[in-house]
Every structure is written in C-alpha cells, then in structure tokens.
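Colleague: Sequence and predicted structure, then a few things I'm wondering about:
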Amino acid sequence: MRRYENINNTSDIFLIYPTYSSWYIELFQNKEAKDMRFNMPRCPPFGILYIASYLRSNGYKVDVRDISTEKIKKSEFIIMLEAINPKIVGLSVVSENYVSALQFCEAIKEWNSDTITVLGGPHVTFMDKEVCNNKCVDIVVRNEGELTFLELADYFVGNNFRRKPDSLNDIRGITFSNASGETVRTIKRPFIENLDLLPFPARDLINLDNYLVEGGIITSRGCPGACIFCAASALSGGKYRMRSVDNVLEEIEHLTDVYGCKYIHILDDTFTAVPERTEEFCKKKTEKGLEFKWYCESRVDVGSYDLFKKMADSGCFEVQFGVESGSQEVLRSIRKNVTLEQIENSVRWAREAGISDIICSFIIGHHTDTHDTVQETISFAEHLHYDYGVYPIFSMNTIYPGTYMFKNYEKLGVKIHTTDCNSNLMTSSTISTKYLDRDDIQRYYQIIHENFGKKYIEFEEQKLARRFSCE
C-alpha cells in the first residue's frame, strides 16, 4: 500500500475514485482464477484523469488517487488529506461505489469542514437532488465534468488567469443546497462538441502498472443506441460525439512511446458505430506503421466481413458484441434494434476475418423475459460458443439511474426489491418482472454461471498468458 505520509506537495484540488462496496471487490477478486493478474483493476479512472489534465492546463495543482480496490483505513485517508491539503475534493461516483463515496465525504468534513466536496459521475448525475440531501456533499456535477469543474475551481480557489464566477448560480450543470437549505439545479451545460480540444488524460498522476489494461483509451462519448437498460445515451444527452482519428492515433502513439503499451483497449461503448471512421482508423494505423494490438466493443448491425477483415489486419484481436438476449421479441422490447440474424452474421464474419477472441454479453431478467425466452437465450449462447468459439458473459438486469427502465419500471411491470447500493447489484437479483420473480432470475444466473463462468475465467487467463508472454 502506498505510504501517504510521504506525500509532501500540496494541491488545490484532490480527485478521488473511491473504494467500491465490499461485494463489488469480492466479485472481482475471483477465487476461481489461478492467475492473480485476473484480479487486477481493469482500467484507470479516465473521468477524473480527464478533469485533472484540463485543470492542470488551466494553471491548477491537482492530485489524483484511485483507491477503488484498496481497503483503506480512515486514519490513512486523513493522513492523505493532511499531506495534500486540498481546497476541493472531487469524487467520481458510480452506483457500485456510491455508499463508499459518502463515507469518504463524511471523513473529509470531519477533517476540515471548510473543504468543498464535489461529486460527479453517472449515479449522481441522475440522483443529484437526493445526493445533495447528504450534509457532507456540497455540490453535484451533472454529466461531463471538465468545463464545470474548472469553473468550480475558479470560484473556490481562483487563479490570476481566469475570471471568478460571481456565484454558484452562474455555473452551469451543478446541483447544490443553498443557505436556506433549498436544492438548486442550475441550467444544463452544453456538451463538449469538439473532443479533440481536450488534453489527453493525466496518466502521469497514477501508476499504470496497477492496471490490467494500461493502454486504455476513449475515442468517443455517448452511444447512438437507445437500449432501455443503459444510461450511456442519457449521460451524453442523446448525442454521440467522436474524436478525430488523427487525434486518437496521436494519443495511442503517446501510450506506445512513453509507456511502452503494446495492447490498446478501446473503451468506447461502441467503437464501430460509424464503420467509415473505423476503417479510417485501421488504414491510418497501418500507414503510420504503428505496432500495437487492440480490442473494442461493436454493435452487430454495422458489422460486415470487410469491416472485420480490415480490423483484424490492423491488429484487432478481440471484439465484444452486446447481444443481450437470444429472443427476437425481447430484443425488440428493449429497443436493441438488432436481429438474431445480424448477431450470428457478425460473429461468423469476425471469426472468418481472423479476429481470434470474440465475446458476447447477455442479460438475464429483461422485463419481457419469460422462462421460455431465458431458455432461448441460454441455447443461443451455447450455439455461439460451440459453433463459433464465442465466450458468452452474463449479468442480471439491474435498474440503474438514468435509464428508461428506471423512469418507467412500474409501467413495464417491474418491481424493484432494493435500491440499496450496498447490496450486490451484479450477482444478486434486485428485481422481479411480470413473468419471472426474483428467485427465478437468481436461479437462472447461477445455472448459467456454472455452465459458462469457469470457461470465461479460463479464456481470460489464456489471453493474459498470451499477452504477458509477448512483453
């Protein structure tokens, strides 16, 4: 564990990715895995790394700590705060670390009640008023954080280069409680149109060796889809914005030259949404003679043999498809807007094109799932696995803030049994539907895990062995 008492430099702003709830850590510390690298955190917290680089480019001193998988004691955290002595502490919050984030905020206020606590991220964006009811939380940043956090820094810290906002009410995209205890939501902040203008994430503020995927990169924001279980579209205001291919390759060259990354994980919700851009990426990578292997997520409705062949020839060795269900009726009901034929075609084309690793993700417990449709999904996953060498991964349907399902669950016939973020949101069923009760969903998940869980772990460990043997 890092020795926080050895930190001597103070910073204006301290950005934290909090510890996950204990169930989440337990879930990903997989006891069935033989290779302990399997249990490493997958990727750095890019949200706060982007904010950090943007703040630094505007003259602020920033420190970053990813303590998402550490079992940090309160006393150690206080030592950390004393060493950095920040004026603002920002915490990046998802549903799985929300409870922990509040505990950190309480500790911050106990240490120094004048320190400003700012929460951002998917969970608090959609639950901002509820979050602001916690006395330890000063401000919630809604949606993207770079521009908003800079204005907060100008207001609370200030520098000689930028004008201080007259009041918090002038800062777009925040929620806070005023002196009278009333919750104030300022007007929405427009989304950043030109993502190329943002500096690259401040990777130098963390140790990339702590991550399984040190070469992660985000090339777009948002998703063109409208799946009812996903908040990606809502989080980006329904807009899908892409960085230019030249800008993306410039960052990848930085990763390969400075950090020696040989594997690049494109973390976009769907990298292939615009096939022409994907083809441009493949072409320019080859023209530049860049030597790295890469993997990404893809929709099936944009797939073609030609596209996957160009991807494979340019070093793409893995692709993940969001399949979600093996029932056409369920796919229609969740607004996936794909067909089973498109799914199978894309899987077959990717395999024929030479992409070695293919993953398909499924969800059990959609609002229209029945016993029959779950069986169809299991059968379809088995078909893809045994006929095409696909590795299926499964999760249970969870109603996350910001999704269509969250806003309309009663109309869809869904009962939410718990909204407690300290509960296991990923391996314990939290809902019932018209056709499946909570125990049904849990039982199906256990059966599926017994059939596919160990196979997927073996697949990931084989992939790890191949990767590290080449380094």
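Modeller: Perfect, I can see it now. Please read all numbers here as calculations on a predicted model, not as lab measurements.
Colleague: okay, and for the stretch 351-471 of the chain, where does confidence drop off?
Modeller: Scanning the stretch 351-471 of the chain with the threshold set as pLDDT under 70 gives 420-427, 454-471.
Colleague: Strands along that one, start to end?
Modeller: Remark: strands assigned in the stretch 351-471 of the chain by DSSP state E, counting those that start in this stretch are 357-364, 391-396, 415-416, 431-432.
Colleague: got a markdown table for these, with distance to Glu214 too?
Modeller: C-betas here are computed from N, CA, C, even on glycine. Formatted as a markdown table, the strands of the stretch 351-471 of the chain follow (distance: least, Cβ to Cβ, whole Å):
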| stretch | distance to Glu214 |
| --- | --- |
| strand 357-364 | 18 |
| strand 391-396 | 22 |
| strand 415-416 | 37 |
| strand 431-432 | 36 |
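Colleague: Which among those strands is found nearest to Cys136?
Modeller: strand 415-416 (25.9 Å; Cβ to Cβ).
Colleague: Quick check: can you name the pairing partners of the closest one and their directions?
Modeller: strand 431-432 (antiparallel) (DSSP bridges).
Colleague: low-confidence ranges in this structure?
Modeller: 1-9, 21-41, 69, 160, 420-427, 454-471.
Colleague: helices or strands up against the longest helix that it contains?
Modeller: With secondary structure taken from DSSP state H, the chain has its longest helix at helix 371-388. Where contact means 3 or more Cβ pairs under 8 Å, 6 or more residues apart in numbering; DSSP states H and E, helix 371-388 is packed against strand 316-324, helix 328-333, helix 340-353, strand 357-364, strand 391-396, helix 438-448.
Colleague: picking up where we left off before, okay if I get the strands of the stretch 351-471 of the chain as JSON lines plus mean neighbour count and distance to Leu331?
Modeller: Putting the strands of the stretch 351-471 of the chain into JSON lines (neighbours: other Cβ atoms under 10 Å; distance: least, Cβ to Cβ, whole Å) gives the following:
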{"stretch": "strand 357-364", "mean neighbour count": "21", "distance to Leu331": "11"}
{"stretch": "strand 391-396", "mean neighbour count": "20", "distance to Leu331": "16"}
{"stretch": "strand 415-416", "mean neighbour count": "14", "distance to Leu331": "23"}
{"stretch": "strand 431-432", "mean neighbour count": "20", "distance to Leu331": "19"}
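Colleague: Thr19: which of those strands is closest?
Modeller: So among the strands of the stretch 351-471 of the chain, strand 391-396 is nearest, using Cβ to Cβ, at 21.6 Å.
Colleague: counting contacts, what elements does that closest one pack onto?
Modeller: strand 357-364, helix 371-388, helix 438-448, helix 454-469.
Colleague: Now do the shortest one against strand 391-396, angle only.
Modeller: Meaning strand 357-364. Angle, strand 357-364 to strand 391-396, by axes from the mean of the first three to the mean of the last three Cα atoms, to 10 degrees: 20 degrees.
Colleague: Output strand 357-364 as CSV, restricted to C-alpha atoms.
Modeller: Output in CSV follows, covering the C-alpha atoms of strand 357-364 (Å, rounded to 0.1, in the frame of the first residue of the first chain):
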residue,chain,number,x,y,z
ASP,A,357,-11.2,-13.6,-29.4
ILE,A,358,-15.0,-12.9,-29.6
ILE,A,359,-17.1,-12.2,-26.5
CYS,A,360,-20.9,-11.8,-26.4
SER,A,361,-22.6,-10.3,-23.4
PHE,A,362,-26.1,-11.3,-22.3
ILE,A,363,-28.5,-10.0,-19.7
ILE,A,364,-31.0,-12.2,-17.8
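Colleague: still on that earlier bit, can you say which of the helices and strands packed on helix 371-388 is packed in most?
Modeller: The highest average neighbour count among the helices and strands packed on helix 371-388, using mean count of other Cβ atoms under 10 Å, belongs to strand 316-324 at a mean of 23.
Colleague: quick one, what contacts Phe46?
Modeller: Contacts of Phe46 were listed using Cβ atoms under 8 Å, 6 or more residues apart in numbering, and they are 201, 216, 218, 267.
Colleague: which ones are touching Val300?
Modeller: Residues counted as contacts of Val300 (Cβ under 8 Å, 6+ apart) are 321, 323, 338, 342-343, 345-347.
Colleague: Export the helices and strands packed on helix 371-388 to JSON lines and append columns for distance to Ile416.
Modeller: Output for these, formatted as JSON lines (distance: least, Cβ to Cβ, whole Å):
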{"stretch": "strand 316-324", "distance to Ile416": "20"}
{"stretch": "helix 328-333", "distance to Ile416": "18"}
{"stretch": "helix 340-353", "distance to Ile416": "29"}
{"stretch": "strand 357-364", "distance to Ile416": "16"}
{"stretch": "strand 391-396", "distance to Ile416": "13"}
{"stretch": "helix 438-448", "distance to Ile416": "10"}
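Colleague: Relative to Trp111, which of those is closest?
Modeller: That would be strand 391-396 among these, by Cβ to Cβ, at 37.3 Å.
Colleague: How far off centre is that closest one?
Modeller: Centroid displacement of strand 391-396 relative to its chain, using Cα atoms, centre = their mean, to the nearest Å, is 17 Å.
Colleague: Same question for stretch 290-309.
Modeller: Using Cα atoms, centre = their mean, the offset of stretch 290-309 from its chain centre is 20 Å.
Colleague: CA atoms only for that stretch - export them in CSV, please.
Modeller: As requested, the backbone C-alpha atoms of stretch 290-309 are provided in CSV (Å, rounded to 0.1, in the frame of the first residue of the first chain):
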residue,chain,number,x,y,z
LEU,A,290,2.2,1.6,-35.6
GLU,A,291,2.8,-1.7,-33.8
PHE,A,292,0.1,-2.5,-31.3
LYS,A,293,-2.7,-4.9,-30.9
TRP,A,294,-6.1,-3.7,-30.0
TYR,A,295,-9.6,-4.6,-29.0
CYS,A,296,-13.0,-2.9,-28.8
GLU,A,297,-16.8,-3.3,-28.4
SER,A,298,-19.0,-3.3,-31.5
ARG,A,299,-22.6,-3.3,-32.5
VAL,A,300,-23.7,-6.2,-34.7
ASP,A,301,-25.9,-4.1,-37.1
VAL,A,302,-22.9,-2.3,-38.6
GLY,A,303,-20.8,-5.5,-39.0
SER,A,304,-19.6,-6.8,-42.3
TYR,A,305,-16.8,-9.2,-43.3
ASP,A,306,-14.9,-6.4,-45.0
LEU,A,307,-15.0,-4.3,-41.8
PHE,A,308,-13.8,-7.1,-39.5
LYS,A,309,-11.1,-8.1,-42.0
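Colleague: Could you name the helices and strands sitting against the helix or strand hosting Leu15?
Modeller: For Leu15, the host element (DSSP states H and E) is strand 13-17. In terms of contacts (3+ Cβ pairs under 8 Å, 6+ apart), strand 13-17 is packed against helix 46-57, strand 62-66, strand 88-92.
Colleague: the inter-axis angle of the last one versus strand 13-17?
Modeller: Relative orientation of strand 88-92 with respect to strand 13-17: 20 degrees, computed using the same axes, to 10 degrees.
Colleague: Also the first one?
Modeller: With the same axes, to 10 degrees as the basis, helix 46-57 and strand 13-17 are set at 170 degrees to each other.
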